[in-house]
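**Q** Here's my sequence, what's the structure:
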Amino acid sequence: MQRLTISIDDELAADFDAFVAQRGYGNRSEAVRDLIRARLEAEREVTDPDTHCVASLSFVYDHHQRALAERLAEHQHEHHDLTVAAMHVHLDHENCLETVVLQGGTQAVRHFAAAITAEPGVRHGSLNVVTMEPAEPHAHAGHRHLKPRY
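**A** Next up is the predicted model:
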């Protein structure tokens, strides 16, 4: 582990301390590490088109929308190589929440999420992406293990 020393102005330090407290970090270092990780991963995703990721796509949709549930299920079946699992929640008489866990190429995952959230009747959608890299090879072959870079 390396120690870094930085200097920032008082107003920025006060705002950062408020951020640290609001998010419940135990200290500034943990918050700085998370911010650096997030920025490096965002940059990596842009500069490396071959990145892989794990992701969760959550969306709310109107289940009364004609054939929407079938179209959403069809998207998932067409991309079974990306779709790991799905959870479906009935929110009220009209709205459902679905969360789909995805794994695969980052560009393919983003394309899949865009197709889902563009469907008429999908009201809200949010994709959370964590870029990954291949883990060390292992004894039981047949599938790939991924790990976070940092």
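
**Q** for this protein, what spans make up the helices?
**A** 10-23, 28-47, 68-78, 106-117 (DSSP state H).

**Q** Lowest average confidence across the ones you listed, which one?
**A** Lowest mean pLDDT within the helices of the chain: helix 28-47, a mean of 87.

**Q** Flag every buried residue along that helix.
**A** 31, 41, 45 (16 or more other Cβ atoms under 10 Å). Using the backbone N, CA and C atoms, a C-beta is placed for each residue, glycine as well.

**Q** do stretch 130-149 as well
**A** Neighbour-count burial for stretch 130-149 flags 131-132 (criterion: 16+ other Cβ under 10 Å).

**Q** what does it contact?
**A** 40-41, 44-45, 51-55, 103, 106 (Cβ atoms under 8 Å, 6 or more residues apart in numbering).

**Q** Pipe the helices of the chain into CSV and attach distance to D92 per row.
**A** Compiled in CSV, the helices of the chain are given as follows (distance: least, Cβ to Cβ, whole Å):
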stretch, distance to D92
helix 10-23, 31
helix 28-47, 34
helix 68-78, 15
helix 106-117, 20
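
**Q** Quick check: end-to-end length of stretch 105-124?
**A** Taking Cα to Cα, to the nearest Å, stretch 105-124 runs 23 Å from one end to the other.
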